[in-house]
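Chemist: Model the following, please.
(2 chains)
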Amino acid sequence: MNFKALTAIASALTLSASFVAAGGADDDTLVVNDEISIVTKAAAPAHMADAVDEVISGWHFRTDETQSLQADDFDNPGMLFVEQGLDVWNTADGSEGKSCADCHGDPEESMVGVRTVYPKWNEAAGEVRTLQMQMNDCRENRMGAEAWKYDKADAINVEAMIASVSRGLPMNVAIDGPAAATWEQGKELYYTRTGQLELSCANCHEQNFGNYIRADHLSQGQINGFPTYRLKNAKLNGVHSRFKGCVRDTRAETYKPGSAEFVALELYVASRGNGLSVEGPSVRN
Amino acid sequence: MRLFVITATAALAAGVAFAADTVAPGDVEYGEYGEVTASLSGAAGNAESGAIIMATKSKGNCISCHAVTALNDSPFHGEVGPSLDGVGEYRTADELRGIVANAKMTFEGSVMPAFYKSTGFIRPGNGYTGKAAEGDLPPVLTAQEIEDVVAFLMTLKDS
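Modeler: Residues are numbered from 1 along each chain as shown, chains lettered A, B, ... in the order given. Predicted coordinates for the structure are as follows:
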C-alpha cells in the first residue's frame, strides 16, 4: 500500500476517514513518449468471455499521478533499470566469453514482439518456458554462464529491457496445442481458494476488480505491465514475486518464484490479458 | 494440494485450550440458514472491544471489505462486501454469529473469510509469512472475539 499517495488523495478530496470511492476503471488513455499508443482496454479473449467482457490494464486503477509517470520515459523510474538491462545485454559473461548481443544484436530489432508470446512452449525442452527461463537457457547452454536467480536484479532488468521494445504490441500467448495442459493447471490455480482466508485470484481480481479492499483499488491483476516499478518498494518487481505476495495475503503457504506452479499460473494470467499492449516496465504503487 | 487436518488429539497436544463453555471451531452447530444460536464463549460480547477488532488489521480487519459509518475514525473502508450500517436492525444476533464464524454457511461460496474455523484449508500458511503453517491453525478470531464483534454489530441500528 502506498500510504503517502493515499493520504495525499484523501486530503486532496477532503474525504472523511471512510474512503469509499466510486470504483471501476477510469477512462484515461495512455500514450508513451507521445509516440507509442498503449491498448489498455480490450475485448475479452474468447477463452474468458464468460468471466468478463473487457480486459483492463492495471494502469486504469492507479491515481493520475502514478499513471502519468508511465507516459514519459524520463519520468518512468523503471527505465533506469532498462538501461542497466541493456548494459548487461552488451556485456560478455561465462566460459564462452559471449554477450547476449553477440548472438542477438540490437534488441530494438531482434527482440521486438518477443515479450508478447511468453510464456511459450519450448519443443526441444518439452515444457512451457517463461522469458526468464529462456534467458537462463542461453546463459547456461550458449554462454557457459550461471543462471540468474529468478526475479532478481539482472534477470528482471534484462526482462524489462526486452519488454520495453515490445511496448504497444498486443499480448498474444498461445494456450492450445502442447501448452494446453500447463494452461489448464494455471487456470486451476487461479480459481483455487487458498490459505486461511480461502481466497482465490478470481475472488479479488475477477469478482472484485474496481472495488477497494481497504486502501487498495483492486485491478484485474493483469501482467501486461510487468516487470512493474512499484513506488512502494522502489524497484522492478517480477510477475512471480507479485503472485507470491498475493498468495501470502490469503494467509497461505506460497509457491516459489520460478516454480512449475507459478510458470503455469503466469501462462494462464498472461492469456487473460491477450489483446492488451505490453507496457513493461509499468509504474504501479 | 494438501489438506490440513487437525485431529482432536493434535488440538490437545498443541495446547489449544478451550474454556469449559467455549465451543471449539469444529463443534459449532450451524442452523439451516447458517445461524448459530448459543454464545461461542458462553459469555456475553463486549461491543466496544468488537469495534476495535473490526478495525484492527491483525484481527477481524472487517473494514477492509465493509464500510461501517460508526468506524469512520479508522481510515479506508473497502467495497468488497456490503455496508454494515443498520445490520443490527435487520439481522438477529444468531444470524450475525453464524455469518462472522463462517459466512459460507449463510452465503454459499462467499468471498468473506471464515473467522472461526481451523481446518480444511488448502495450503494453510503461518499467518502472513508465506510459510507453511506449523501445527494447528488457531481460528482468526477467538470465541470471545466473535461474541464481541456480534455485540458491536447489534449496535448498528441506523442505515
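Chemist: Please make it C-alpha for all contacts and neighbour counts, starting now.
Modeler: OK.
Chemist: Break down the chain into its helices, ranges please.
Modeler: If you meant another chain, say so; for now it's chain A. A:3-12, A:64-68, A:78-90, A:100-104, A:107-110, A:131-138, A:153-164, A:180-191, A:201-205, A:239-248, A:260-272 (DSSP state H).
Chemist: right idea, wrong chain: chain B
Modeler: Going by DSSP H, chain B shows helices at B:8-13, B:47-55, B:87-90, B:93-101, B:143-154.
Chemist: can you list those in CSV and add mean neighbour count?
Modeler: Below are the helices of chain B laid out as CSV (neighbours: other CA atoms under 10 Å in any protein chain shown):
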stretch, mean neighbour count
helix B:8-13, 12
helix B:47-55, 19
helix B:87-90, 16
helix B:93-101, 24
helix B:143-154, 24
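Chemist: In terms of mean pLDDT, which of the ones you listed ranks lowest?
Modeler: Mean pLDDT per stretch puts helix B:8-13 lowest among the helices of chain B, at a mean of 39.
Chemist: okay if I get the helices of chain B as TSV plus distance to B:Ser118?
Modeler: Shown next, in TSV, are those (distance: least, CA to CA, whole Å):
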stretch	distance to B:Ser118
helix B:8-13	10
helix B:47-55	19
helix B:87-90	26
helix B:93-101	11
helix B:143-154	12
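Chemist: I'd like to know which of the helices of chain A lies nearest to B:Glu134.
Modeler: helix A:239-248 (15.2 Å; CA to CA).
Chemist: What count of nearby residues applies to A:Leu267?
Modeler: 29 (other CA atoms under 10 Å in any protein chain shown).
Chemist: Was I right to think it contacts A:Gln185?
Modeler: No. Between A:Leu267 and A:Gln185 there is no contact, the gap being 9.5 Å when judged by CA atoms under 8 Å.
Chemist: distance of A:Asn211 from A:Arg193?
Modeler: Per CA to CA, to the nearest Å, A:Asn211 is found 19 Å from A:Arg193.
Chemist: wait, A:Thr228
Modeler: Counting by CA to CA, the gap from A:Thr228 to A:Arg193 is 25 Å.
Chemist: can you check B:Ala67 too?
Modeler: Taken as CA to CA, the span from B:Ala67 to A:Arg193 is 24 Å.
Chemist: again, but for A:Ile213
Modeler: Distance from A:Ile213 to A:Arg193, by CA to CA: 17 Å.
Chemist: tell me the contacts of B:Ser110?
Modeler: B:Ala103, B:Lys104 (CA atoms under 8 Å, 6 or more residues apart in numbering or on different chains).
Chemist: Next, it: phi, psi?
Modeler: phi -60, psi 150 (degrees, to the nearest 10).
Chemist: B:Gly60 and B:Met54 touch, don't they?
Modeler: Yes. B:Gly60 is in contact with B:Met54 according to CA under 8 Å; the separation is 4.8 Å.
Chemist: Show the model's pLDDT score for B:Glu134.
Modeler: Confidence for B:Glu134, expressed as pLDDT, is 87.
Chemist: what's the burial count for it?
Modeler: Considering only other CA under 10 Å, B:Glu134 is surrounded by 9 other residues.
Chemist: For the closest residue to it other than its chain neighbours, the count of nearby residues, please.
Modeler: Leaving aside its chain neighbours, B:Glu134 sits nearest to B:Asn126 (6.7 Å; criterion: CA to CA, 6 or more residues apart in numbering or on different chains). The tally of other residues near B:Asn126 (other CA under 10 Å) stands at 20.
Chemist: for B:Asn126, what are its contacts?
Modeler: So B:Asn126 contacts A:Arg251, A:Ala252, A:Glu253, B:Ala132, B:Ala133, B:Glu134, B:Leu137 (CA under 8 Å, 6+ apart).
Chemist: What lies in contact with stretch A:145-159?
Modeler: A:81-82, A:84-86, A:88-89, A:93-95, A:131-132, A:135-137, A:139-140, A:227, A:236-241, A:257-258.
Chemist: what is the mean pLDDT for that stretch?
Modeler: 98.
Chemist: Show the low-confidence segments of the stretch 101-250 of chain A, by residue range.
Modeler: The stretch 101-250 of chain A contains no residues with pLDDT under 70.
Chemist: Quick check: residues of chain B near chain A?
Modeler: B:63-65, B:67-69, B:71-80, B:111-114, B:118, B:121-133 (CA under 8 Å from any CA of the partner chain).
Chemist: Now list the buried members of these.
Modeler: Neighbour-count burial (16 or more other CA atoms under 10 Å in any protein chain shown) applied to these gives B:63-65, B:67-69, B:71-72, B:74-80, B:111-114, B:118, B:121-128, B:130-133.
Chemist: List the residues that contact the residue nearest to A:Ile38 when sequence neighbours are not counted.
Modeler: In this structure, A:Ile38 finds its nearest non-sequential neighbour in A:Gly168, 4.9 Å apart by CA to CA, 6+ apart. Each residue near A:Gly168 by CA under 8 Å, 6+ apart is listed here: A:Ile36, A:Ser37, A:Ile38, A:Val39, A:Ser277, A:Val278, A:Glu279.
Chemist: Could you check how many residues crowd around A:Trp59?
Modeler: Neighbours around A:Trp59, by other CA under 10 Å: 27.
Chemist: show me the contacts for the closest residue to it other than its chain neighbours.
Modeler: Computed as CA to CA, 6+ apart, the closest residue to A:Trp59 that is not its neighbour in sequence is A:Gln67, at 6.3 Å. Residues in contact with A:Gln67 (CA under 8 Å, 6+ apart) are A:Trp59, A:His60, A:Val283, A:Arg284.
Chemist: ok, now how distant is the last one from chain B?
Modeler: Noted for A:Arg284: a distance of 19 Å to chain B, by CA to the nearest CA, to the nearest Å.
Chemist: Also the first one?
Modeler: Relative to chain B, A:Trp59 is positioned 20 Å away (criterion: CA to the nearest CA).
Chemist: That residue against A:Arg284, yeah?
Modeler: Yes. Look at A:Trp59 against A:Arg284 with CA under 8 Å: they come within range, at 7.3 Å.
Chemist: Neighbours of the nearest residue to A:His205 once chain neighbours are set aside, how many?
Modeler: Sequence neighbours aside, A:Gln220 is the residue nearest to A:His205 in space, at 4.4 Å (criterion: CA to CA, 6+ apart). A:Gln220 sits with 25 neighbouring residues when counted by other CA under 10 Å.
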